[in-house]
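J.: Starting from these lines, generate the structure:
(chains A and B)
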Amino acid sequence: MQIPISRDESFLTEFEQAIESPTHWANWQLFKQAYQVAETMKVTSFKELVAPKFLPHINFLPHQLQCAENVIQDMNGRALLADEVGLGKTIEAGLILKEYMLRGLVQKVLILVPASLVNQWAIELNQKLLIPAVTSGKRVDWQHTNILITTLDTAKSAKHREQILEQDYDFVIVDEAHKLKNHKTKNFQFVQQLSKKYCLLLTATPVQNKLTDIFNLVSLLKPGYLGTYNDFTQQYRKEKRDIDKDPYLKQLISKVMVRNRRADTGIDWTKRNIETVWVAFSEEELATYQQVEQFFQYQTAISSITYIREFCSSREACYLSIKKAFEQKENVDIPALKEVLTSIEQLPHHAKALKLVELIKESDEKFIVFTEYRATQIYLQWLLNKENIATVIYRGGFKKGKKDWMRQLFQNHAQVMIATEAAGEGINLQFCHHLVNYDLPWNPMRLEQRIGRIHRFGQENDVKIYNFALKDTVDEHVMNLLYKKIQLFENVIGDLEQILSDLNLPAIEKEVEKIFAESQSIGESKIKLDNLTAVINSHHHHNQTKENIR
Amino acid sequence: MISNLHDFLYEYFSIHECDVILENETEMTIRLTRELDQVLMNRPFYWHYMDKIGRNGEPMSLFLDTSTAKKDNKKEWIHYGSPRLQQIFHHIKQSARFTMLYEQTTGNDKTALHPWLVANIVVHYHGKQKKEAIHSIGLHLINGMMKSNMMNEIDRLPLESKMSDYSFTISPLIKPLSGFYRIFMYIEQLISSESKEWVKDAMTALNEELSLLDHFFKQQEGNQEIFAKEKEQLTERLEPRIDIEVVNAGIFYLTENFS
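T.: Sure, this is the predicted structure:
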């Protein structure tokens, strides 16, 4: 075919005029500089990205480059990145942004991320990708700041919303795309209203074969294709069409979604060795454990589950929370309560804590220790310091300066970091490869988040995970029935994410809690937990043969 | 190619007669001239106001750091892809489009200078993606000889905006305008001999997208506006085409030694 070629005729007209008047002439140096700029910024090939050439210090992984190429070439910069946890979605998004900036296609950028990740994004973009992004402070100038990182909540708040919607963004990134799952929410409508040329949505939760998910996603990235929500769902329901089998819809989705799985990356991951560390309570402790359990069973209408869980973590956690719960309450058998509190007070050091000291003392390596409770965190720090083990603590609520400082202290000085759950996301600790789950979260996804802090790109060693569990307690049931059954530790979590949201079980933690709380006996809760894991497992096997949308 | 951004920027600010203090290998402080302040600092109202009250105004200073890692030194960090550098590149491109230069000669002998048209050209290939090729072409405006890679050929020549005392120029026989057409034709010939695989790819992708678009919008009568707009955008994005852009060009008077 004949390709249309357009010549730069306007240059010729200008040249004829300019050559008459010397004031328009550039000197030799400047003339050369203009040529150098053109040479430097030249896009040399259809396929290759320009950005990696300008970022020689980053070792991009093949799937990351592939992803950026896909999004830029085939998706016109509007896509959902749904990689599994830990494959470097931030880097992928940053690379795409950088590429557009280098090609001069993007200047004004809005990046919406969870509050806990704002700082992380700023660091990655500035230090790794050399993108001058700033975070939204108290006085934020939406109009004159080119590249801003903020949270969805800040952006949509009444204070800022109008101003932001007035801006024309070249590029919008949303790193909390799971918050956009419902098209009726303010979040969704806000992002939809943003004036944007390119748009990346990031999520670790895969998109389902659910009509709503697909509708919402496509409506943000390819507006109008699916019409209104009602028309779309009605049509599919009426014709009883299977989304999986609709080639057009499949193709459409393949044009807006990238999902890499660990297995597809072709990368040699370091291994993940998992050891369950069984700890036995001392007799005194076990007696008190039963005392707490019975107190709640016979004396109150309150489920004991929260308190015995806490007791499995530390005396302090349990003590404080019982005290707090009964401070305002009346009609409680006070002597019995006092008795319980007294026997907790008199306990020696917690068996799990002593085990932790023992484990750490055997090694010179760095450890990150996760606990669910702040009281336990403080107790452990006190205990380890007493044993001359240098520790730092880390909490989600720390200000970002303090977080950075703690991370640095851990890297350079301390042997142990004790972190609470909220720290699970947003901190990368590749320099550490021993992780202790001092108490197990009841949601396996949270466990993966924890492990993801150290088992990620840049980790050079095999990762060792120690899961602490107390025999003859609720710990044991959760460990045996929930974790072992789902074979969580062997499987990479990407599958689990899929399963949980397929089964509509995103709140597995609540599920487990309910089972323990509503069951009359240990036997009953065992059966119920069994059922839960059976459902998850069968779905897992089913899924192994069936590939997702793509 | 820019091999060292720091040197490049130093040269840029020096060409524009700014005072530049080089603090170390990556940091520099630039006291802008009024001209560059107006180009780079984005404060037209200030200058407008200064003019109105008849004052000179105070140009600002820039504190730049070109290192590859951002440091916490309160300097503005500048690097490839940063808006500041884009802005400077844009300014260079705008202000260095045309030139007329003379090769400097020494001695008292009368030296003839031959006219050359030098054009630096970017060919933009738009398909599924974009690609660029750069041609630097020199055309002898007397005998029609054409040279490729011209900027490299003349890189080291002493060229100035004024002619040396004893030099004289020979008038072109070929007009610059028809010189440009010769150059365009030459480039188009080059293009026609290249592989057309990318054209096929782009057409395939376009047809795929269009049929997808048709499928989804044929059921929606109310949405014809979006349909038309989307179709237009797809076509514009994917339909293969080539733009020949002149980055800059000039008349160069060169001694006979150069040919």
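J.: Now do the nearest residue in space to residue A:170 that is not next to it in sequence, the pLDDT please.
T.: Of all residues not flanking residue A:170 in the chain, residue A:106 sits nearest, at 4.1 Å (Cβ to Cβ, 6 or more residues apart in numbering or on different chains). To be clear about C-beta, it is placed using only N, CA and C from the backbone, and glycine gets the same treatment. As predicted, residue A:106 sits at a pLDDT of 87.
J.: Spell out which parts of the stretch 201-350 of chain A neighbour chain B.
T.: A:223, A:224, A:225, A:226, A:227, A:231, A:235, A:248, A:251, A:252, A:255 (Cβ under 8 Å from any Cβ of the partner chain).
J.: so the fourth one is in which element?
T.: Secondary structure here is read from DSSP states H and E; on that basis residue A:226 sits in neither a helix nor a strand.
J.: picking up where we left off before, for the residue nearest to residue A:170, grab the count of nearby residues.
T.: Number of residues near residue A:106 (other Cβ atoms under 10 Å in any protein chain shown) recorded here: 24.
J.: Next up, identify which helix or strand it is on.
T.: Residue A:106 belongs to no helix or strand when assigned by DSSP H and E.
J.: Also the one 4 residues further on?
T.: Residue A:110 is located in strand A:109-112, with elements delineated by DSSP H and E.
J.: Counting by contacts, list what the helix or strand following that strand packs against.
T.: Scanning forward in sequence from strand A:109-112 by DSSP H and E, the next helix or strand is helix A:118-123. Helices and strands touching helix A:118-123, by 3 or more Cβ pairs under 8 Å, 6 or more residues apart in numbering or on different chains; DSSP states H and E, are strand A:134-135, strand A:147-150, helix A:400-412.
J.: so how far is chain B from residue A:481?
T.: Distance, residue A:481 to chain B, using Cβ to the nearest Cβ, to the nearest Å: 47 Å.
J.: circling back: partners of the strand holding residue A:110, with directions?
T.: Strand A:109-112 sits in its sheet next to strand A:147-150 (parallel), strand A:168-174 (parallel), going by DSSP bridges.
J.: that older thread, among the helices and strands packed on helix A:118-123, which is the most enclosed?
T.: Comparing the helices and strands packed on helix A:118-123 by mean neighbour count (mean count of other Cβ atoms under 10 Å in any protein chain shown), strand A:147-150 ranks first with a mean of 22.
J.: Can you name the element that comes right after that one?
T.: helix A:152-156.
J.: roughly how far out does that next one sit from the chain middle?
T.: Counting by Cα atoms, centre = their mean, to the nearest Å, helix A:152-156 is centred 19 Å from the centre of its parent chain.
J.: now the strands for the stretch 151-259 of chain B?
T.: B:159-160, B:167-169, B:241-254 (DSSP state E, counting those that start in this stretch).
J.: deepest of these, which one?
T.: For the strands of the stretch 151-259 of chain B, the largest average neighbour count (mean count of other Cβ under 10 Å) is found in strand B:241-254, namely a mean of 21.
J.: Can you list the strands that that strand pairs with?
T.: The sheet places strand B:241-254 alongside strand A:5-7 (parallel), strand B:98-103 (parallel), strand B:111-126 (antiparallel), with pairing taken from DSSP bridges.
J.: how about those in a markdown table, adding distance to residue A:50 and mean neighbour count?
T.: What follows is the strands paired with strand B:241-254, written out as a markdown table (distance: least, Cβ to Cβ, whole Å; neighbours: other Cβ atoms under 10 Å in any protein chain shown):
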| stretch | distance to residue A:50 | mean neighbour count |
| --- | --- | --- |
| strand A:5-7 | 23 | 15 |
| strand B:98-103 | 28 | 22 |
| strand B:111-126 | 14 | 21 |
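J.: just the strands in the stretch 201-350 of chain A please.
T.: All strands of the stretch 201-350 of chain A, identified by DSSP E, counting those that start in this stretch, fall at A:257-258, A:272-279.
J.: Return the list of helices and strands in contact with the longest one.
T.: What that stands for is strand A:272-279. On a contact count with 3+ Cβ pairs under 8 Å, 6+ apart, strand A:272-279 meets helix A:351-361, strand A:463-470.
J.: Which stretch among the ones you listed approaches chain B most closely?
T.: Evaluated with Cβ to the nearest Cβ, the helices and strands packed on strand A:272-279 place strand A:463-470 nearest to chain B, the distance being 28.1 Å.
J.: Same question for stretch B:87-94: list its buried residues.
T.: Within stretch B:87-94, the residues that count as buried by 16 or more other Cβ atoms under 10 Å in any protein chain shown are B:87, B:88, B:89, B:91, B:92, B:93.
J.: Pick out whichever of these sits closest to residue A:131.
T.: Closest approach between these and residue A:131, by Cβ to Cβ: residue B:87, at 15.6 Å.
J.: which SSE is that closest one in?
T.: Using DSSP H and E, residue B:87 maps to helix B:83-95.
J.: could you check the angle strand B:241-254 makes with that helix?
T.: With axes from the mean of the first three to the mean of the last three Cα atoms, to 10 degrees applied, the angle from helix B:83-95 to strand B:241-254 works out at 60 degrees.
J.: ok so, going back, out of the strands paired with strand A:109-112, which gets nearest to residue B:229?
T.: Within the strands paired with strand A:109-112, the stretch nearest residue B:229 is strand A:168-174; the backing value is 16.7 Å (Cβ to Cβ).
J.: ok, then the element right after that closest one?
T.: Going down the chain from strand A:168-174, the next helix or strand is helix A:186-193, by DSSP H and E.
J.: helices or strands up against that next one?
T.: Looks like helix A:186-193 contacts helix A:152-156, helix A:161-166, helix A:211-221 (3+ Cβ pairs under 8 Å, 6+ apart).
J.: can I get the residues of the stretch 201-350 of chain A next to chain B in a markdown table with pLDDT and neighbour count?
T.: Shown next, in a markdown table, are those (pLDDT from 0 to 100; neighbours: other Cβ atoms under 10 Å in any protein chain shown):
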| residue | pLDDT | neighbour count |
| --- | --- | --- |
| A:223 | 84 | 14 |
| A:224 | 83 | 18 |
| A:225 | 84 | 25 |
| A:226 | 84 | 24 |
| A:227 | 83 | 20 |
| A:231 | 81 | 15 |
| A:235 | 76 | 14 |
| A:248 | 83 | 13 |
| A:251 | 83 | 14 |
| A:252 | 85 | 23 |
| A:255 | 86 | 20 |
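J.: Please name whichever of the helices and strands packed on helix A:118-123 is nearest to residue B:109.
T.: Nearest of those to residue B:109, taken as Cβ to Cβ: strand A:147-150 at 59.0 Å.
J.: How far off centre is that closest one?
T.: Distance of strand A:147-150 from its chain centroid, counting by Cα atoms, centre = their mean, is 19 Å.
J.: Please consider this matter closed, and thank you.
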